[in-house]
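[1] make a model of this:
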Amino acid sequence: MPLSLPPPSSNSRCEHLWCPQQAKPSSWGRTLTIWIVTLFLLHGTIQFGMGSVFTHDFGRRIIDNDLFPLMTGRTFIHRQCHDGLFEWRIWREETNLHARIIELEKNLDNAKQRLGMGEDQMERFLKSTLRFAEDKGKEKVKFQSRVSKLKKKLEAFRQVSGSAEEVDMEIKEKMQATEVAMAEMESLNQNLIAKERKSNDELQEVCKKLMDKEEDLEQMEATLQSLIVKERASNDELQGVREELINGLKKFGSSDFIGIKRMGDLELTPFYRAAKKKYYDPVAGEKAAELCSIWEDCVRDSSWHPFKIVMGKEGNYVNIINEDDEKLKGLKDEYGDELYEAVTTALTEKNEYNPSGGNVISELWNYEEGRKASLKEVVSYILKHWEKPKQKMNRRMLEDFNNGNGVIGEAMVDSLLESQESCDCNKGAA
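    This next block holds a predicted model:
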């Protein structure tokens with residue numbers, strides 16, 4: 001169906017060339033432009049694959065053979081119109097264009113009939129095409145976003161790869177250091193194994209020696225036990241001898257050298273000397289006896305314990321006199337050091353020999369040196385008295401010993417007699 005071409009508007013480029021004879025060609029130009037756009041749309045439709053008749057080659061052929069020469073001729077005609085030349089060509093060209101457009105319209109109608117597409121179908125197709133384009137645009141945006149993320153990940157991966165290489169280098173260095181350390185540890189382990197074997201050998205040798213020492217120790221313990229038994233027996237025997245000597249010397253009487261002392265008893269002599277410093281002779285003896293009796297009661301009083309515990313030289317705890325005791329300080333201030341020493345000595349002897357406060361213990365005593373006398377000193381003292389010319393006195397002393405305790409007394413007499421005989425033999429030999 002041919003299109004009606006309206007006259008050109010007031011702003012047409014060929015307004016200065018308008019004439020009744022040229023109205024038709026100008027309308028044909030507008031119509032040509034419209035159909036060119038339509039053909040481009042059809043060309044796009046055919047490219048998207050909506051039909052198989054109007055192919056891509058057919059569209060390209062229409063554009064190359066028909067539209068492109070028309071557009072080129074249109075441009076040339078307009079240039080000639082602006083120059084005011086060849087006005088007669090314009091009408092002729094536009095007439096040819098109009099005829100060509102009519103032919104194209106017929107071809108277009110035929111194409112529409114072949115495609116079976118109406119304007120509604122075209123509109124729907126265009127909408128679907130637009131939606132498809134929008135979807136593709138969104139997908140493109142998503143794709144670009146994904147590409148951007150992948151680029152960032154790639155950059156991060158490159159950075160990580162760089163740091164990973166550094167880590168690999170560090171790991172390799174540490175592995176090398178570890179291998180060196182393992183080699184050193186292996187060497188140390190071998191040395192330790194060798195030392196352990198040597199130590200085991202030494203330990204076995206020491207264990208063997210220890211077993212031998214244990215056997216020796218058992219023998220020594222057995223010997224020690226037998227010696228302890230013998231020592232106890234000897235101590236018991238010596239204690240019996242000491243008791244016999246004490247009983248005999250009690251009957252025989254003490255001398256200024258060897259005698260019997262009651263441990264913890266006070267002597268009257270220091271009290272008498274202390275009393276003489278304060279009182280006259282007739283009164284001094286009574287005051288000394290009275291003062292001695294008072295202090296004997298104090299010494300025997302178990303509730304009075306003027307001692308303190310200190311660490312001894314050998315690392316053991318010992319009891320010593322507490323010099324800060326009120327009674328002792330008063331005694332020292334009033335009567336002097338001699339009486340103070342006598343009382344403290346009695347307290348020390350009582351604490352050593354009779355701490356429970358029972359019967360007073362008698363002990364062989366060396367008065368000359370102020371200490372406990374040994375059995376050797378006592379026997380020597382008795383032998384010296386045996387050698388004196390007073391035989392009766394010696395015989396009486398031996399009889400007193402013999403009467404003291406049966407077997408032990410006889411043994412003592414026999415030993416004394418043997419000693420006397422040996423002394424006589426020595427004198428004869430001399």
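[2] ok, residue 378 touching residue 259?
    No. Contact criterion Cβ atoms under 8 Å: residue 378 and residue 259 do not qualify, at 9.7 Å. From N, CA and C alone the C-beta is placed, and that goes for glycine too.
[3] now for these two: what residues contact both?
    Common neighbours of residue 378 and residue 259, counting by Cβ atoms under 8 Å, 6 or more residues apart in numbering, are 249, 364.
[4] pull the CA atoms of stretch 138-154 into CSV?
    Extracted in CSV, the C-alpha atoms of stretch 138-154 (Å, rounded to 0.1, in the frame of the first residue of the first chain):
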residue,chain,number,x,y,z
LYS,A,138,22.3,-7.4,34.3
GLU,A,139,24.2,-10.6,33.6
LYS,A,140,27.0,-8.4,32.2
VAL,A,141,27.0,-6.3,35.4
LYS,A,142,27.1,-9.5,37.4
PHE,A,143,29.8,-10.9,35.2
GLN,A,144,31.8,-7.7,35.5
SER,A,145,31.4,-7.8,39.3
ARG,A,146,32.4,-11.4,39.3
VAL,A,147,35.4,-10.6,37.1
SER,A,148,36.3,-7.8,39.5
LYS,A,149,36.1,-10.1,42.5
LEU,A,150,38.1,-12.7,40.6
LYS,A,151,40.7,-10.0,39.8
LYS,A,152,40.9,-9.1,43.5
LYS,A,153,41.2,-12.8,44.4
LEU,A,154,43.9,-13.2,41.8
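[5] how near is residue 306 to residue 321?
    6 Å (Cβ to Cβ, to the nearest Å).
[6] any shared contact partners between the two?
    With Cβ under 8 Å, 6+ apart as the test, residue 306 and residue 321 both reach 328, 347.
[7] surely residue 276 and residue 284 touch.
    Yes. Using Cβ under 8 Å, residue 276 is in contact with residue 284, at 4.5 Å.
[8] these two: which is more packed in?
    The residue with more neighbours, out of residue 276 and residue 284, is residue 284; 18 against 15, by other Cβ atoms under 10 Å.
[9] any low-confidence regions in the stretch 201-350 of the chain?
    Scanning the stretch 201-350 of the chain for pLDDT under 70 picks out the ranges 251-256.
[10] quick one, helices of it?
    Secondary structure of the stretch 201-350 of the chain (DSSP state H, counting those that start in this stretch): helices located at 268-276, 281-300, 326-335, 337-353.
[11] of these, which is nearest residue 207?
    Closest to residue 207 of these is helix 337-353 (Cβ to Cβ; 47.4 Å).
[12] show me what that closest one packs onto, helices and strands only.
    In terms of contacts (3 or more Cβ pairs under 8 Å, 6 or more residues apart in numbering; DSSP states H and E), helix 337-353 is packed against helix 268-276, helix 281-300, strand 317-321, helix 326-335.
[13] list the contacts of it.
    Contacts of helix 337-353 (Cβ under 8 Å, 6+ apart): 263-267, 270-271, 273-274, 295, 298-300, 306-307, 319, 321, 328, 331-332, 357, 361, 363.
[14] okay, buried residues for that helix please.
    The neighbour-count check on helix 337-353 (16 or more other Cβ atoms under 10 Å) flags 339-340, 342-351 as buried.
[15] closest one of these to residue 205?
    residue 351 (53.3 Å).
[16] SS state for residue 151?
    helix (DSSP: H, G, I helix; E, B strand; the rest coil).
[17] number of residues surrounding it?
    For residue 151, the neighbour count with other Cβ under 10 Å is 10.
[18] just residue 133 next, same as before
    11.
[19] tell me the contacts of it?
    Under the criterion of Cβ under 8 Å, 6+ apart, residue 133 has no contact partners.
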